[in-house]
Every structure is written in structure tokens, then in C-alpha cells.
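K.L.:
what's the 3D shape of this:
(4 chains)
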Number of protein chains: 2
Amino acid sequence: MHANVKQNLAPLINPGLKLACSQCNLRELCLPFGLSETDMTRLDHLIGGGRKLKRGHHLYRAGDPFESIFAVKAGFFKTDVLTEDGRDQVTGFQMAGEILGMDGISTEVHACNAVALEDSEVCLIPFTELENLSSEIRTLQHHLHKVMSREIVRDHGVMMLLGTMRAEERLAAFLLNLSQRFTARGYSPAEFHLRMTREEIGSYLGLKLETVSRAFSRFQDEGLISVQQKHIRILDIRRLKTLLAPPDGRIS
Amino acid sequence: MHANVKQNLAPLINPGLKLACSQCNLRELCLPFGLSETDMTRLDHLIGGGRKLKRGHHLYRAGDPFESIFAVKAGFFKTDVLTEDGRDQVTGFQMAGEILGMDGISTEVHACNAVALEDSEVCLIPFTELENLSSEIRTLQHHLHKVMSREIVRDHGVMMLLGTMRAEERLAAFLLNLSQRFTARGYSPAEFHLRMTREEIGSYLGLKLETVSRAFSRFQDEGLISVQQKHIRILDIRRLKTLLAPPDGRIS
DNA sequence: AAGTTGCATTGACACAGATCAAAGGGGTAC
DNA sequence: GTACCCCTTTGATCTGTGTCAATGCAACTT
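P.N.:
From the prediction side, this is the model:
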């Protein structure tokens, strides 16, 4: 299991990678959102430098002591949970501007693994210092709460997906979600490269990899998308969205 | 749909119900955990009184403006999400000492419905004031973050359940979780009353009510539990736990 | 006390998705 | 540049859970 994930060679923190939040083009998506110039400078001083990770390397592992949360500066991550009885599941995919590691706050120990799915870069945000600063900057405090709350709401969406949707609906929702997030980052809404395998998609969506593959093929046959390995092009986003409506289209 | 849920008659906030955190026997489970006497008194001043709800009444609805979070003082709640395409799913069941409403922080609007499953009572915690106070009391700030993080971790557990478990495993996990939470509150770990219907259990577990019912019956046939409508008695908790291990018992 | 109205149980059958299996293709490492 | 390995695709079959339907049970109402 996970033979494809290379060992983490403990990449070092590199202060040279430190790019001030105030200079970062992700600041509108990320933690500094809404901060004044002066407050953003204070946040700059707190960020503990950047960290680069090669594809396949762990940002953190379940069980690691919790010290920081991380902002994805570039690249793509997955998080997965592994229970003692041998089950494992991908709980999310994170892209630039998104925050990783908040699962560790409650127990002071990370509850899941975070793995880079391509060469990536994160900002390290020491959590105790973030709490210190956020008690002085109300905007920052409130935004941190919003970020955590958004994660809760997102998880509820995934629970809905896993609890009520059929395979094709799940995959459609997944593609639309990716499309929307890429759009928000200035990339094409219709054409993108999947960073994860069919198995990882399946794990996230509660499906087997064969089912994911078949659903992709069926979407392609129906002219909804074109698939070439990890290359996806959405051809008919409108029809893709209608897949999400349940068969009888009842409205409550 | 939801014809069984009575209309919310807008129960009023009752300052007379205000019981100080410092006097509450749930304080070790709830928000005041870890606070000093003096800090707890400050929290007391913030709590906006209690609110009683009859069974079937909404504490809040999706779309309501977000102003407060709530601590369950007594009773039992469910939260559910309802999407515009007509899907709905129970996202959680909350009992005494647990916090409700954190889904509303991110958008200033509640993202789900919260319904009392029995006559219940909550404490109202105005969120802006809580943020004010928590920026002065570091212990409170940190504990709030822990509570939110715990909710994220809990949701990941549910995602795991929905994504990887079979019907009987889901139900076993559900019963064990309830048992453990009742135990933490001083109730019997083995005997309890379900406050929710088979349909609500099914919605939470991503199953149809018939499947839930059949799984209960099979557990009873195998001597794991005894079921009489909503009355559950766990007869063999050890064997129930072994159900959670997947068939081949692989350990990663 | 009887009637009404959900809620729960149980059975028969259908089907979506899992499983098992085999072959092809593309990216990565050397 | 080449070879290997992993990822992906596709087919055939199996099975767990959903669906449809009917009956039973219990609590609440009048």
C-alpha cells in the first residue's frame, strides 16, 4: 500500500523562499484576505519561510506533532486519513491559496497525511504565533475563523456527495468543483490537468478506480468532456451541471 | 418532505434560563473547558441566555443570518443540509455539551438546519462577542479553535465511514460512537434511547431506512444488541467493535 | 377506548457498482 | 533514448444495497 509514495526526505525550511504576503498574488484567496497594509506586514513577519516539496513527498504525516498550518503557494496536495483497521481515504485536494493542517489543532497532532501531488511550495504559518497575532488583529482572527468554518462547510458538501450521489453525479460534481477552483485562480475553467490518479479520485469520491474510469469514458462518449489520461477538457459544462439534479428533479 | 417537522414558532430567548457556565455541569465538555474562575465569569456575562426548544422545532435554518453559535445544554439535535437540487442529508447529531452553528461563520449565513429531536435547551453564544472575549482570553481562543478543528476531524471520520464502510460497519460505528458519547456524559454505555428515526440514521450513514432496519435486525439475531423500536441495548460491545475491521484484517 | 398516523419490519426483485482479469499506453528513471 | 512499471481502460460476472410493496406496531388524538 502506498508503494507509489516516496519516502519523505525531510525537506528543510528555506527562509530564502520567504515571499511576503503583501507581495503574494494569492493574498486575496489566502489568509491575509482583507488585511490592511500595516497588518499584512505584521503577518509577513510571522510567516516562517517557505518550503518546497517534490512530488510524492509528505508535508506532514498523521501523528506528527502539530505546530503550523500551511498555505499552498504553488502546486497541488492531497490529504488522506488512515485508520488503524487499514482503511484509508482521501479527504481532500488542495491547491494554491488553500490552507492545510487545521485538523491538527484539536489534538496537537496531525490527524491526516498531506502529500504533494506535484512539485509544490507552501508557506509555513506557526499556529501559536498566528493565535497571538490574531488576538491583536481582529480582521485576521475573524478570517481564520472563516477559513476553518469554510472547511467544515466543504466537508458537509463531501458528506452529501458520498451519502446521496451516484457514481456519475459524484464525478460530475468533482469536475465542476475543480473547474470552479481553477477559474478562481485564473486558469481555464474548461481545460486542466488532473494531478491525481484514478485511484485517488475514487478514494475521495468513495468509488473504485474502475468505476471512475468508466464514468470518464461514458462522459466522453456522450460528448460532455474529452479525456486523455490526466488531461481533461470540459466540452459541455451546462449538461454536466444537469447531471447533478436527481432523476425526478423534485424541488423540496 | 419534512412534513413531520413542525413549524418553528420562533421560541423566544429567555434570560431567566441563564445558568452561568461556572455552575454548569457540562463545563468540562463545553466551551469553558480549561478556563480559570475569573475568566469563566467573563464568559458568563457573554452568554446571551438560554433557549428552550420543543421537539421538532428548528434552532436555526439554512439561510438564517448567522449571529450566534449554540451550546447544547440538554436534549438532542440533528443538523441537515438541503441542496437546491432536492438532496438532503443529516450531517450530524449533537448532544449535551456540543457546539452547534459553526457552519455559519464562513458566510455569515447558516449553511444547514438544526432541529431538536427531543425537548431541548441551548445556550446562546453571540459570536462577535465571543471573538472579542477570546482575543483577550488566550485559553478561550485556543479552545474555540480546538472545537472547530475537532469538528473538521469528526467530519473526516464521517467521510471515511461513507466512503469505505459497508452498511453493517457503518451502523456498528454509529452505535459505538453514540455509546462512547453517552458514556462521556455519565449515561450507560450499553443502553440508550435513539432520538432519531431509521430514516434519519440512514440519511446520516448514507443508507436507506430499510437497510438500517435490516442491519439492526441482523445484529439482534447475532446477539450483538437488542432492539425494541428506539430502545437499544448493546450486548456484546467487543464483537461489535470487531465488525469495524475490514474482512481481510490487513494492517496497512 | 378506538381511530389515525407515522414509524419499523420484512420480503421479493432489480441494478449500480465492486470484483476479478487481462491488455494497452504513457511517463519516468536510468 | 530506451525499457520498465504504473496507470488506465475495458470486459465479464458477482453482490450488496436500493427499490417497491405489504404488514405490523406504538404513540398520540379525540
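K.L.:
can you list the low-confidence ranges for the stretch 1-150 of chain A?
P.N.:
Low-confidence segments of the stretch 1-150 of chain A (pLDDT under 70): A:1-18.
K.L.:
so which residue is smack in the middle of chain A?
P.N.:
Against the mean C-alpha coordinate of chain A, by Cα atoms, centre = their mean, the closest residue is residue A:94 at 1.6 Å.
K.L.:
can I assume that residue sits in a strand?
P.N.:
Yes: according to DSSP: H, G, I helix; E, B strand; the rest coil, residue A:94 belongs to a strand.
K.L.:
if I look at it, how far off is residue A:154?
P.N.:
Computed as Cβ to Cβ, to the nearest Å, the residue A:94 to residue A:154 distance reads 11 Å. All C-beta spots, glycine's among them, are computed from the backbone N, C-alpha and C.
K.L.:
how about the residues of chain A near DNA strand D?
P.N.:
A:3-4, A:194, A:197-199, A:209-210, A:212-214, A:216-217, A:227, A:229-230 (Cβ under 7 Å from any atom of the strand).
K.L.:
from the chain's centroid, how far away is stretch A:200-217?
P.N.:
18 Å (Cα atoms, centre = their mean, to the nearest Å).
K.L.:
contacts for it?
P.N.:
For stretch A:200-217, the external contacting residues (Cβ atoms under 8 Å, 6 or more residues apart in numbering or on different chains) are A:78, A:80, A:88-93, A:117, A:158, A:161-162, A:167-168, A:170-171, A:174, A:194, A:196-199, A:225, A:227, B:162-164.
K.L.:
now the terminal residues of that stretch, how far apart.
P.N.:
17 Å (Cα to Cα, to the nearest Å).
K.L.:
list the buried ones in that stretch?
P.N.:
By neighbour count on 16 or more other Cβ atoms under 10 Å in any protein chain shown, the buried set for stretch A:200-217 is A:200-207, A:211-213, A:215-216.
K.L.:
is DNA strand C within reach of that stretch?
P.N.:
Yes: applying Cβ under 7 Å from any atom of the strand, one finds stretch A:200-217 touching DNA strand C at A:206-208, A:210-211.
K.L.:
among these, which two are most distant?
P.N.:
Based on Cβ to Cβ, the longest span within the residues of stretch A:200-217 next to DNA strand C runs between A:206 and A:210 and measures 13.7 Å.
K.L.:
count the neighbours of residue A:180 for me.
P.N.:
10 (other Cβ atoms under 10 Å in any protein chain shown).
K.L.:
ok, it touching residue A:189?
P.N.:
Yes: the criterion here is Cβ atoms under 8 Å, and residue A:180 meets it with residue A:189 at 7.3 Å.
K.L.:
just the closest of the buried residues of stretch A:200-217 to residue A:98, please.
P.N.:
Closest to residue A:98, out of all of these and judged by Cβ to Cβ, is residue A:204, at 14.9 Å.
K.L.:
gap between residue A:143 and chain B?
P.N.:
For residue A:143, the distance to chain B equals 10 Å [Cβ to the nearest Cβ, to the nearest Å].
K.L.:
figure out the helix or strand that that residue lives in.
P.N.:
Element membership for residue A:143 (DSSP states H and E) is helix A:138-164.
K.L.:
if you look at that helix, does any of it touch DNA strand C?
P.N.:
No: on the criterion Cβ under 7 Å from any atom of the strand, helix A:138-164 is out of touch with DNA strand C, staying 10.5 Å away.
K.L.:
which residues touch the residue nearest to the centre of chain A?
P.N.:
By Cβ under 8 Å, 6+ apart, the contact set of residue A:94 is A:72, A:76-79, A:100, A:114.
K.L.:
nearest to DNA strand C, of these?
P.N.:
residue A:76 (12.7 Å; Cβ to the nearest atom of the strand).
K.L.:
ok, the closest one to DNA strand D distance?
P.N.:
14 Å (Cβ to the nearest atom of the strand, to the nearest Å).
K.L.:
next one: that residue relative to residue B:105, how far apart?
P.N.:
On the measure of Cβ to Cβ, residue A:76 and residue B:105 end up 27 Å apart.
K.L.:
swap in residue A:137?
P.N.:
17 Å.
K.L.:
do the same with residue A:132
P.N.:
Going from residue A:132 to residue B:105 by Cβ to Cβ gives 21 Å.
K.L.:
got it, and residue A:83?
P.N.:
Taken as Cβ to Cβ, the span from residue A:83 to residue B:105 is 29 Å.
K.L.:
between these two, which one's more packed in?
P.N.:
residue B:105 (24 against 17).
K.L.:
can you name the residues that contact the more buried one?
P.N.:
Going by Cβ under 8 Å, 6+ apart, residue B:105 touches A:145-146, A:148-149, B:66, B:69, B:127.
K.L.:
make a PyMOL selection of the buried ones in the residues you listed.
P.N.:
In PyMOL syntax, the buried subset of these is picked out as below (16+ other Cβ under 10 Å):
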select buried, (chain A and resi 145+146+148+149) or (chain B and resi 66+69+127)
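K.L.:
so which of the contacts of residue B:105 is the closest to DNA strand D?
P.N.:
residue A:149 (29.5 Å).
K.L.:
tell me who's in contact with the closest one.
P.N.:
Applying Cβ under 8 Å, 6+ apart to residue A:149 gives the contacts B:102-106, B:148.
K.L.:
quick one: which of these sit in helices?
P.N.:
Among these, the residues falling in helices (DSSP state H) are residue B:148.
K.L.:
would you check which pair of the contacts of residue A:149 lies furthest apart?
P.N.:
Farthest pair in the contacts of residue A:149, by Cβ to Cβ: B:104 and B:148, 12.2 Å.
K.L.:
domains for chain A, by residue range?
P.N.:
A:15-151, A:165-242 (automatic domain parsing).
K.L.:
any chance of JSON lines for those domains, columns distance to residue B:37?
P.N.:
Output for the domains of chain A, formatted as JSON lines (distance: least, Cβ to Cβ, whole Å):
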{"stretch": "domain A:15-151", "distance to residue B:37": "21"}
{"stretch": "domain A:165-242", "distance to residue B:37": "47"}
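K.L.:
deepest in the core, which of those is it.
P.N.:
Mean neighbour count (mean count of other Cβ atoms under 10 Å in any protein chain shown) peaks for domain A:15-151 among these, with a mean of 19.
K.L.:
and residue A:128, how far from chain B?
P.N.:
Taking Cβ to the nearest Cβ, one finds residue A:128 at 9 Å from chain B.
K.L.:
what strand or helix carries that residue?
P.N.:
Assigned by DSSP H and E, residue A:128 falls in helix A:127-134.
K.L.:
specify the angle between that helix and helix B:127-134 in degrees.
P.N.:
110 degrees (axes from the mean of the first three to the mean of the last three Cα atoms, to 10 degrees).
K.L.:
sweet, I'm off.
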